[in-house]
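**Student:** Here's a sequence, model it:
(one chain, ligands or ions: 1)
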Amino acid sequence: MNSDIRKDYARYMWAPYTQMGDLAEEEPIVAVDGDGATIVDSTGREFIDGHAALWLANAGFGRTEIVEAAAEQMQKLSWFPSFGGMSNETAVQLAKRLVELTAPEGMSRAFLSSGGSEAVETALKMARQYWKLRGHDRKFKIISRRKAYHGVTFGALSATGVSQNRRLFEPLVPGFRHIEPPYCYRCPYGLEHPECGLACAEELARTIAFESPDTVAAFIAEPVMGAGGVIVPPDGYWQRVEEICRANDVLLIADEVITGFGRTGKMFGVRNWDVKPDIMVFAKGLTSGYLPLGATLTREEIFEVCLGKWGEGREFRHGTTYSGHPAAAAAALENIRIIEDESLVQRAAEMGEYLVEGLRDLSHLPHVGDVDGLGLLARLELVADAKTREPFPASELMGLKVNRKMLKRGVIIRPLGDVMSFSPPLVITRGEIDAILLALREVLEEI
Ligand SMILES: Cc1ncc(COP(=O)(O)O)c(C=O)c1O
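**Tutor:** Below is the predicted model:
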């Protein structure tokens, strides 16, 4: 085993979302191997990956079928662009497959990119261009939510509602507004569902009215908020949001980067509430991480307004070199086949219930505040006092401490502040969930 690789990581890499200064005290995990829901690091330690890496290894690690599909593609045709009247056959096949899969939502066109931020950026530009081409020049504002995570590029970051991520990069893109999230455990209005009358959804209506509907292009939201703390909205929230968007001619963009491809126990997150967005954004579980890929799906009306002749200025002047990379498209097609053939969506629903029940069984422990989840996407919020819901002082870094103790027990989960989040591969076994729960029980008893 290569033990120096960890030193090289600390010496040569500038890693994303990492305080490199901490590495003197921490032992980084440099993975070298993976199978199912397990990974092995450079020192030979095995971990159950209770977080599917970054919420995305839906089909699990070590899927030779996906590897072979991508390799075969690269041997045949390594890459070919999709710009200006060209494309490659696998990108076209994937676009068709994605449109078929999202037919119940009414999607009819797929725009391919290389990851979540790019796919969000694409959605935001589609929305702005759509209204401009329809003659509504002032309809450019985008409403999103505090605690939302939509990515790191300037448009996606402007939609993101995690203030720590934004601060050092300001000024951001003009025209973005943020409303409160549907965070019932710590309701921003101090109300209780259902007596609250869905105040968080009504804030969307009030904000559109305040800004004036003829200035608002779109509302963007994750069906279940991920990085903001795994926030599952209350019943009726999504239906009301959809109604408000329709009533005000505001496009509804569902950011399904985490929730897509089975994660919440439905193929797509919006299916939990039968919502029909105007634009859907995918990445992560689309390839289960085997290759980078993003996709933005949209209705025909949004595509159609761009039709005309080159030079009239109606075409969508957007795209990156790797839009529709054939190897990534081949990996996605094989990944989707696996998700369907192995009924992984159904499995996520069943295993998710088992995981959340197991987490609820820990609710009697002193520092367990809230437990919630949908499919294999779950949260456990640590608090100083479960009765009053008083949080730990931020300086205690409790989530981080619990996480380190979990790592020592060979389990990877993810601390989002003091919310411990769970998002394992959809192939995780009951035995592996039991091992995660046992490790967590021990750690919670220890703190
Ligand atoms: C909901 C959501 N949207 C967008 C993104 C950005 O995706 P990427 O990191 O692939 O750019 C993420 C990443 O975690 C995400 O969770």
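**Student:** Ramachandran angles for Ala110?
**Tutor:** Phi and psi for Ala110, reported as degrees, to the nearest 10, are phi -120, psi 130.
**Student:** List the residues that contact it.
**Tutor:** Residues in contact with Ala110 (C-beta atoms under 8 Å, 6 or more residues apart in numbering) are Leu94, Ala95, Leu98, Val99, Ala295, Thr296, Leu297. Any C-beta I mention is one placed from the backbone N, CA and C, and that applies to glycine too.
**Student:** what about 10 Å?
**Tutor:** Residues near Ala110 by C-beta atoms under 10 Å, 6 or more residues apart in numbering: 91-92, 94-99, 101-102, 280, 282, 295-298, 324.
**Student:** same thing with Gly155?
**Tutor:** Per C-beta under 10 Å, 6+ apart, neighbours of Gly155: 117-118, 120-125, 128, 142, 172-173, 175-176.
**Student:** Quick one: residues contacting the residue of the stretch 51-200 of the chain found nearest the ligand.
**Tutor:** At 2.0 Å from the ligand, Gly116 is the closest residue in the stretch 51-200 of the chain, using C-beta to the nearest ligand atom. By C-beta under 10 Å, 6+ apart, the contact list for Gly116 reads 54, 56, 149-153, 156, 255-258, 281-284, 286, 292-294.
**Student:** From the residues you listed, which land in strands?
**Tutor:** Cross-referencing these against strands under DSSP state E gives Asp255, Val281, Phe282, Gly294.
**Student:** Tell me, how many residues neighbour the first one?
**Tutor:** Close neighbours of Asp255, defined as other C-beta atoms under 10 Å, add up to 31.
**Student:** That one touches Ala159, doesn't it?
**Tutor:** Yes: here Asp255 reaches Ala159: they are 8.4 Å apart, a contact under C-beta atoms under 10 Å.
**Student:** residues contacting Glu300?
**Tutor:** Gly106, Met107, Ser108, Arg109.
**Student:** Let's see that with 7 Å instead.
**Tutor:** By C-beta atoms under 7 Å, 6 or more residues apart in numbering, the contact set of Glu300 is Ser108, Arg109.
**Student:** Phi, psi for it please.
**Tutor:** phi -60, psi -40.
**Student:** again with Val368
**Tutor:** phi -90, psi 120.
**Student:** Tell me the spacing between it and Ser158.
**Tutor:** 35 Å (C-beta to C-beta, to the nearest Å).
**Student:** Check the separation of the first and last residues in stretch 167-175.
**Tutor:** 17 Å (C-alpha to C-alpha, to the nearest Å).
**Student:** Which of the contacts of Ala110 are buried? Put it as a ChimeraX command.
**Tutor:** Burial among these is assessed by 16 or more other C-beta atoms under 10 Å; the matching ChimeraX selection reads:
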select :91,92,94,95,97,98,101,102,280,282,295,296,297,298,324
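**Student:** Spatially, what comes nearest to Ser423 if we skip its sequence neighbours?
**Tutor:** Trp55 (4.4 Å; C-beta to C-beta, 6 or more residues apart in numbering).
**Student:** tell me the contacts of the one you found?
**Tutor:** Counted by C-beta under 7 Å, 6+ apart, Trp55 has contacts Gly226, Ile258, Lys284, Ser423.
**Student:** go with 6 Å
**Tutor:** Neighbour list for Trp55: Ile258, Lys284, Ser423 [criterion: C-beta atoms under 6 Å, 6 or more residues apart in numbering].
**Student:** try Ser144
**Tutor:** By C-beta under 6 Å, 6+ apart, the neighbours of Ser144 are Ala159, His178, Ile220.
**Student:** quick one: which of these is most hemmed in?
**Tutor:** Ala159 (29 neighbours).
**Student:** was I right about Asp33 contacting Asp41?
**Tutor:** No: the pair Asp33 and Asp41 fails to qualify as a contact (C-beta atoms under 6 Å) at a distance of 8.5 Å.
**Student:** Show me which of these two is the more surrounded one.
**Tutor:** Asp41 (18 against 13).
**Student:** Roughly how far does the more buried one sit from Val32?
**Tutor:** For Asp41 relative to Val32 (C-beta to C-beta), the value is 6 Å.
**Student:** With Leu291 instead?
**Tutor:** For Leu291, the distance to Val32 - C-beta to C-beta - is 19 Å.
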